[in-house]
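Asks: return atomic coordinates for the entry below.
(4 chains)
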Protein chains: 2
Amino acid sequence: MSMVDSKQHPDTRKRILDAAEALFVEHGFEATSMRMITGRAGVNLASVNYHFGSKEALIQEVFRRRLAWLNHERLRALDRAEAGAKGAPLKPHQIVEAFFGVSLRMAADTERGGHTFMRLLGRTYTEPTAFVRQFLADEYAAVVPRFKQALFRSLPDVPPEEILWRFHFMLGAMSYAIAGTDALQLVAEYEMDEKDPGALARRLMPFLLGGLRAPLAEQPVKKEKGSRKVA
Amino acid sequence: MSMVDSKQHPDTRKRILDAAEALFVEHGFEATSMRMITGRAGVNLASVNYHFGSKEALIQEVFRRRLAWLNHERLRALDRAEAGAKGAPLKPHQIVEAFFGVSLRMAADTERGGHTFMRLLGRTYTEPTAFVRQFLADEYAAVVPRFKQALFRSLPDVPPEEILWRFHFMLGAMSYAIAGTDALQLVAEYEMDEKDPGALARRLMPFLLGGLRAPLAEQPVKKEKGSRKVA
DNA sequence: GCTCGTTTCAAACGATCGTTTTAATGATAC
DNA sequence: GTATCATTAAAACGATCGTTTGAAACGAGC
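Replies: Reported below is the predicted structural model:
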């Protein structure tokens, strides 16, 4: 078939990954068939199993190729901030910037597919499939403890438990802001200013920091009597 | 032809809806087959199509039967707060409590399936399927404008655009807090205090209000030349 | 008893799924 | 040229999908 392509090695792998990424975010994993992927990529159906082994392995590779870089950048940003602090605890906004700033910059990159991937990643945080959850946990295993410790040092007066819950909430707000479909039509009329890649960050960052530093609830969350057994 | 309600044998319908709800939140819509649903419900395979017409219609009914009550309660809570204010603008925390408090109380109900449903709903906010998105938009059409207006009155000094974005973020934080899988293993060690139904609310509410009332970014989000027009 | 409308049942429908198979193709080294 | 290797191609595999069918079972009214 001599169509427009027919170069010697039109990197089949990359075409499959790009097509799969776009289709996964558009339809979800289950609703995206191999034939949709290969059709969009312009490659043969069997090439997915040839290059990746299975659909499951393809899904993992879609994440791996971008998540490795993303988490590497997060650690680099944290390293840089800590180097500048010379042993002093970081300010909360520095930690939040290191973690979420990298995500938001990637989400603002519509040229090389970063935006598509971050939407996919955000949606995957609520993905029930077991092997995807396990894969994410592994990919984040090196990043999360570093940020945990930085936050504990940064907010010594806040119970660690509370800090982690608020980080949890922040992750949710960001994921939804990137991946959410605005199902309630809340910001539908404003969503057109996508041209400015930093717009979302300038809206979201104050919100995240406001939530993180909000005063604690007067009433303690849980009052447990005797048992304190959990290992 | 059977109409909308009032069957003498509501057993099969309810069993199907309960089974579908639990399986949808566990595996997602696409990955949940009719045979899984009917198998769990202990009914015949054909009964789903008999009682609901199609899988798509079943999905909509799973949402409709709970969402109608949920949004009704939200409006009731807002009505009560506004009646008590006697025409004065509400405090932000009252509006947030009216909207998210109802959700969190339903999410705390593990007895009658409210918890399962809220997890499903939270995950559906990032669901790409078109007909589900459209359905959600319709179900919320009566609720959103009321809360919008209450927030605008409550925060007259904050640009409406900013208010809506922050409401958007709050919805994301809550959805993820309920539906999220803690993929980063952030709060995995603490998640066992599910017994206290108000624990999540006492953690989340201060976070939400802190984000809502956070100081605006110094730099305006968008620098537009002439107009400042959006109604 | 019988009738009639509703609900349940087992079985099958065609379509599509992920995967496998087997052959053809292309490039490289001898 | 031939041999070798990696890649692509077309076709088919069995399994499972949502849905439909036609008959059996049930219950209320007479």
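
Asks: surely A:Leu212 and A:Arg166 touch.
Replies: Yes. A:Leu212 is in contact with A:Arg166 according to CB atoms under 8 Å; the separation is 5.2 Å. No exception for glycine: its C-beta is placed from N, CA and C like everyone else's.

Asks: which residues of chain A score low on pLDDT?
Replies: A:1-10, A:191-195, A:219-231 (pLDDT under 70).

Asks: element containing A:Asp79, please.
Replies: helix A:55-85 (DSSP states H and E).

Asks: chain center to that helix: distance?
Replies: 9 Å (CA atoms, centre = their mean, to the nearest Å).

Asks: can that helix be found next to chain B?
Replies: No. Using CB under 8 Å from any CB of the partner chain, helix A:55-85 stays clear of chain B, with a minimum separation of 10.6 Å.

Asks: give me the number of residues near the nearest residue to A:Ala22 once chain neighbours are set aside?
Replies: Leaving aside its chain neighbours, A:Ala22 sits nearest to A:Thr116 (5.7 Å; criterion: CB to CB, 6 or more residues apart in numbering or on different chains). By the criterion of other CB atoms under 10 Å in any protein chain shown, A:Thr116 has 20 neighbours.

Asks: angle of the helix or strand harbouring A:Thr116 against helix B:114-124?
Replies: Assessed by DSSP H and E, A:Thr116 sits inside helix A:114-124. Here the directions of helix A:114-124 and helix B:114-124 differ by 170 degrees (axes from the mean of the first three to the mean of the last three CA atoms, to 10 degrees).

Asks: what angle sits between helix A:114-124 and helix A:55-85?
Replies: Using the same axes, to 10 degrees: helix A:114-124 against helix A:55-85 is 100 degrees.

Asks: what does helix A:114-124 contact?
Replies: Identification of contacts with helix A:114-124 by CB atoms under 8 Å, 6 or more residues apart in numbering or on different chains yields A:21-22, A:24-25, A:28, A:62-63, A:66-67, A:103, A:106-109, A:132, A:136, A:174-176, A:178-180, B:126, B:128, B:183.

Asks: now stretch A:16-31
Replies: Identification of contacts with stretch A:16-31 by CB under 8 Å, 6+ apart yields A:32, A:36-38, A:40-41, A:43, A:47-48, A:51-52, A:58-59, A:61-62, A:65, A:113, A:116-117, A:119-120, A:123, A:127, A:129, A:132, B:28, B:30-31, B:127-129.

Asks: 6 Å instead?
Replies: A:32, A:36-37, A:40-41, A:48, A:58, A:62, A:116-117, A:119-120, B:30-31, B:128 (CB atoms under 6 Å, 6 or more residues apart in numbering or on different chains).

Asks: ditto for stretch A:51-69
Replies: For stretch A:51-69, using CB under 6 Å, 6+ apart, the contacting residues are A:Arg13, A:Leu17, A:Ala20, A:Glu21, A:Val48, A:Phe117, A:Phe135, A:Glu139.

Asks: just the CA atoms of the host helix or strand of the second one, as CSV, please.
Replies: Secondary-structure assignment from DSSP H and E places A:Leu17 in helix A:12-27. Output for helix A:12-27, consisting of C-alpha atoms alone and laid out as CSV, is shown next (Å, rounded to 0.1, in the frame of the first residue of the first chain):
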residue,chain,number,x,y,z
THR,A,12,4.6,1.7,14.8
ARG,A,13,5.0,1.7,18.5
LYS,A,14,4.7,5.4,18.9
ARG,A,15,1.7,5.6,16.6
ILE,A,16,-0.1,2.9,18.6
LEU,A,17,0.7,4.6,21.9
ASP,A,18,-0.5,8.0,20.8
ALA,A,19,-3.7,6.6,19.3
ALA,A,20,-4.4,4.5,22.4
GLU,A,21,-3.8,7.4,24.7
ALA,A,22,-6.2,9.6,22.8
LEU,A,23,-8.9,6.9,22.6
PHE,A,24,-8.6,5.8,26.2
VAL,A,25,-9.2,9.3,27.5
GLU,A,26,-12.1,9.6,25.1
HIS,A,27,-13.9,6.3,25.7
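
Asks: may I see the buried residues of it?
Replies: For helix A:12-27, the buried set under the neighbour-count rule, 16 or more other CB atoms under 10 Å in any protein chain shown, comprises A:12-13, A:15-25, A:27.

Asks: anything in that helix near DNA strand D?
Replies: Yes. Using CB under 7 Å from any atom of the strand, helix A:12-27 comes into contact with DNA strand D via A:Thr12.

Asks: centre of the chain to that helix, how far?
Replies: 17 Å.

Asks: ok, then the element right after that helix?
Replies: helix A:34-41.

Asks: that following helix and DNA strand C in contact?
Replies: Yes. Using CB under 7 Å from any atom of the strand, helix A:34-41 reaches DNA strand C at A:Met34, A:Arg35, A:Met36.

Asks: which of those are buried? Put it as a PyMOL command.
Replies: Listed next is the PyMOL selection for buried residues among the residues of helix A:34-41 next to DNA strand C, using 16+ other CB under 10 Å:
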select buried, chain A and resi 34
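
Asks: which one of the residues of helix A:34-41 next to DNA strand C sits closest to chain B?
Replies: Checking the residues of helix A:34-41 next to DNA strand C against chain B with CB to the nearest CB, the nearest one is A:Met36 at 12.9 Å.

Asks: please name the nearest non-neighbouring residue to that closest one.
Replies: That would be A:Leu23: by CB to CB, 6+ apart, it lies 5.6 Å from A:Met36.

Asks: domain parsing for chain A?
Replies: Chain A breaks down by automatic domain parsing into domains covering A:10-53, A:64-212.

Asks: rebuild these as CSV, extending it with distance to B:Asn71.
Replies: Output for the domains of chain A, formatted as CSV (distance: least, CB to CB, whole Å):
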stretch, distance to B:Asn71
domain A:10-53, 26
domain A:64-212, 11
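
Asks: between those domains, which one is nearest to B:Gly198?
Replies: Minimum separation from B:Gly198 across those (CB to CB) falls at domain A:64-212, 14.0 Å.

Asks: just give the nearest non-adjacent residue to A:Leu58, would you?
Replies: Using CB to CB, 6+ apart, the closest residue to A:Leu58 is A:Phe52 (4.3 Å).
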